[in-house]
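1. here is a sequence together with a model predicted from it:
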Amino acid sequence: MYRYRAPLYTEPDFTFKILVIGDGTSGKSSILHRYIDNSFYHNYISTIGVDFKIKVLNIFNKLIKLQIWDTAGQERFKAITTAYYRGVNGILLTYDVSNRETFDNIDNWINDINKFAPPDTLIVLVGNKSDSIKRKVTIEEGINKANELNIPFIETSAKDNINIEKAFDLLGEKLTASMEDPLLSVPQLNTLNNESNNIEKNFFSRWCNFI
């Protein structure tokens, strides 16, 4: 798949809001930084509230803009992050294959998704840190959980850059395909979710001194 970063002013064919959620130790920020910057930090500070990135892809000859939100996994930030489920199109639901508790909490995150996210939100289950030699969750367990939830599954390693692009590609391709099929359509951010675009604009205005 041909991918590139287009200037922020380029008008995309579709804009999708993506959340990366999961427990605080699942490596969400590492996944996002590997995907956006192709970088990995061994000593990364936990996300406070949310982080926000943009990626522009060419999928099926369509210009796709992903608004990607990295949410804090700690319970004390739940009041902040639940608002960001509104208008979401796709979710990477992550756990750490070397931490059984993060896997056991998947059902709690699914409950939050069912409670706060639109009913047609696409979800991909991601088992991160597949490079770990201290694995506590098998691949089979991840597959079985995904089958139980009827969602796609993939294992990744932000450290070794394994399947990071594939995880986002999977969401992007399914979302783009759904826009081409009226029976599988999802809400469009640039037409139905002006609030999310305003959040994006305010974010860049505050932190990047433009827009």
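-> Noted; the coordinates are in hand.
2. quick one: low-confidence residue ranges for the chain.
-> 1-10, 40-51, 72-80, 180-211 (pLDDT under 70).
3. gap between G27 and A177?
-> Look at G27 and A177: by CB to CB, to the nearest Å, they are 28 Å apart. In short, each C-beta sits where N, CA and C put it, glycine included.
4. okay, these two: which has more neighbours?
-> Neighbours were counted for G27 and for A177 using other CB atoms under 10 Å; G27 has more, 30 against 12.
5. so what's the nearest residue to that one once chain neighbours are set aside bridging to?
-> Distance criterion CB to CB, 6 or more residues apart in numbering; nearest residue to G27, sequence neighbours excluded, is N128 at 4.4 Å. Beta-bridge partners recorded for N128 (DSSP bridges): D96.
6. surely N128 touches S29?
-> No. Between N128 and S29 there is no contact under CB atoms under 8 Å: 10.8 Å.
7. between those two, which one's more packed in?
-> N128 (31 against 21).
8. can you tell me which residues contact that one?
-> By CB atoms under 8 Å, 6 or more residues apart in numbering, the residues touching N128 are 22, 26-28, 30-31, 94-97, 155-158.
9. between the residues you listed, which is nearest V137?
-> Checking those against V137 by CB to CB gives V97 as the nearest, at 4.7 Å.
10. contacts only, for the closest one.
-> Counted by CB under 8 Å, 6+ apart, V97 has contacts F103, G127, N128, K129, S130, S132, R135, K136, V137, G142, E155.
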